[in-house]
Structures are given as structure tokens and as C-alpha cells.
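S.K.: Predicted model, plus sequence, below.
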Amino acid sequence: MYSLDAETISYASAVAGVVTSVGIFVWKKLVKPTIKFLGEYENLKEAIETIRSEVVTNGGDSIKDAVNCLRVTCKGIEKSQIVLDQRSKASLHYHDRALFEIDKFGGMSWWNEKFEGLTEENTVPTKGFDWVAMVDEEKREEFVKEVTSCLEMCRKIDIETISINNEIIHFVGYPYRITDKDHEGFLIHLYKRGLK
């Protein structure tokens with residue numbers, strides 16, 4: 001039988017302590033985090049699979065394909081809208097009534113040939129708010145208030161007033177309604193009723 005001396009026992013005890021310390025360190029710093037990471041990795045894999053299944057549309061195409069198809073459709077709609085706008089402007093340009101458009105703020109954005117002929121004696125029409133200058137100066141403030149009210153309330157413009165040439169002029173306009181309270185401007189018909 002072997003007899004262990006104190007030095008050997010002390011040495012073995014120190015080695016056992018070091019091995020235990022290293023084991024605890026490896027467990028806390030390597031094994032336990034690895035187990036935790038692998039558990040989180042499984043959750044991550046499930047989350048990625050859920051996202052992947054949501055990103056593919058019912059038809060099997062990706063969301064990117066669907067968005068690209070939608071982009072092509074929107075460009076087609078935009079081109080068609082531009083053509084429709086130009087077609088309606090062209091047909092209104094030679095209309096037998098004096099017509100003009102104002103935007104949602106009241107600035108003139110378009111007018112037809114008849115409107116230009118009707119206002120030639122006063123001023124040449126320009127885009128913006130100069131169209132209001134055809135109204136007699138004494139009546140202008142009241143006229144602007146009424147037009148502003150119609151713009152804000154999205155309601156028909158029907159105003160009879162006096163021009164700078166002392167003629168009775170009548171404005172009748174309808175909003176380009178988007179909703180009951182929102183519009184994108186007005187198409188206005190202007191006609192003279194004669195001298196005051």
C-alpha cells in the first residue's frame with residue numbers, strides 16, 4: 001500500500017482545485033452560453049422561417065416581384081391619366097364657353113381660348129392669382145372672400161360681380177371633388193351679362 005505524504009496530498013488537492021475551477025469556468029463561460037445560443041438559434045430559425053413564409057405571396061412570387069408588378073401597373077395608370085388630362089384640356093380649349101381652372105388654393109392654372117378672348121381687353125391671362133384683377137376694385141375684396149369660402153368649403157362658385165370695365169360678369173364653377181370636404185381645384189365658366 002502506498003502512503004501519501006502531506007506534500008503529495010497538498011499537490012493533489014491543488015490540482016483538484018485547479019481542475020474544478022477550470023471546469024466551473026469552462027461551464028460558465030463556454031458550455032452554458034453555447035447551450036443558450038443553440039436554444040436562441042432554434043428560435044431564430046423559426047422566426048426566419050415565419051418571415052420567409054410571410055414574404056412569399058399566395059401565388060408563390062416574392063413580395064419584390066409583386067411590388068415590381070405594381071410599379072409597372074402604376075406607371076401605366078399614370079400615363080393613361082396624363083393622356084386623359086390632355087384630351088380633356090384639348091376638348092375644352094376650343095369650347096364655345098370661356099373656361100378656366102383654378103387650383104385648390106385659388107391660383108389660375110389653365111384657361112381656354114374663349115376665356116383669353118373674353119379677357120383680352122382687360123389683361124392677358126397669366127397663371128396665378130392675377131385673374132382676380134378683372135373684378136372691379138371696389139368689389140374685389142368681397143369677391144375674394146366669397147371665392148375663398150367656396151375653396152375652403154368645397155362648394156360651387158356662383159358669383160355675379162362687376163368687372164373693371166363696369167360690366168356685369170358671372171362666375172360659375174364646380175370643384176374637382178375628391179371627398180365631400182376635399183378637392184383639387186375648380187373648373188369655372190365666366191360670362192358677361194352686359195353693362196351695369
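M.R.: Arrived safely. Numbers count the residues shown, from 1 in each chain.
S.K.: I'd like to know how many residues surround Pro187.
M.R.: Actually, residue 187 is Leu. It isn't Pro. When neighbours are defined as other CB atoms under 10 Å, Leu187 has 17 of them. C-beta: built from backbone N, CA, C; applies to glycine.
S.K.: so how far is Trp110 from it?
M.R.: 9 Å (CB to CB, to the nearest Å).
S.K.: For these two, list the residues in contact with both.
M.R.: Phe100, Glu101 (CB atoms under 8 Å, 6 or more residues apart in numbering).
S.K.: Need the residue closest to the centroid of this protein.
M.R.: Cys74 (13.9 Å; CA atoms, centre = their mean).
S.K.: Need the three-state assignment for it.
M.R.: Secondary structure for Cys74, judged by DSSP: H, G, I helix; E, B strand; the rest coil, is helix.
S.K.: just Ile159 next, same as before
M.R.: strand.
S.K.: OK, contacts around it?
M.R.: Contacts of Ile159 by CB under 8 Å, 6+ apart are Phe143, Glu146, Val147, His170, Phe171.
S.K.: now Lys181
M.R.: Cys154.
S.K.: Ramachandran angles for it?
M.R.: phi -120, psi 0 (degrees, to the nearest 10).
S.K.: and it, how far is that from Val172?
M.R.: 21 Å.
S.K.: Next: Arg71.
M.R.: In terms of CB to CB, Arg71 sits 41 Å off from Val172.
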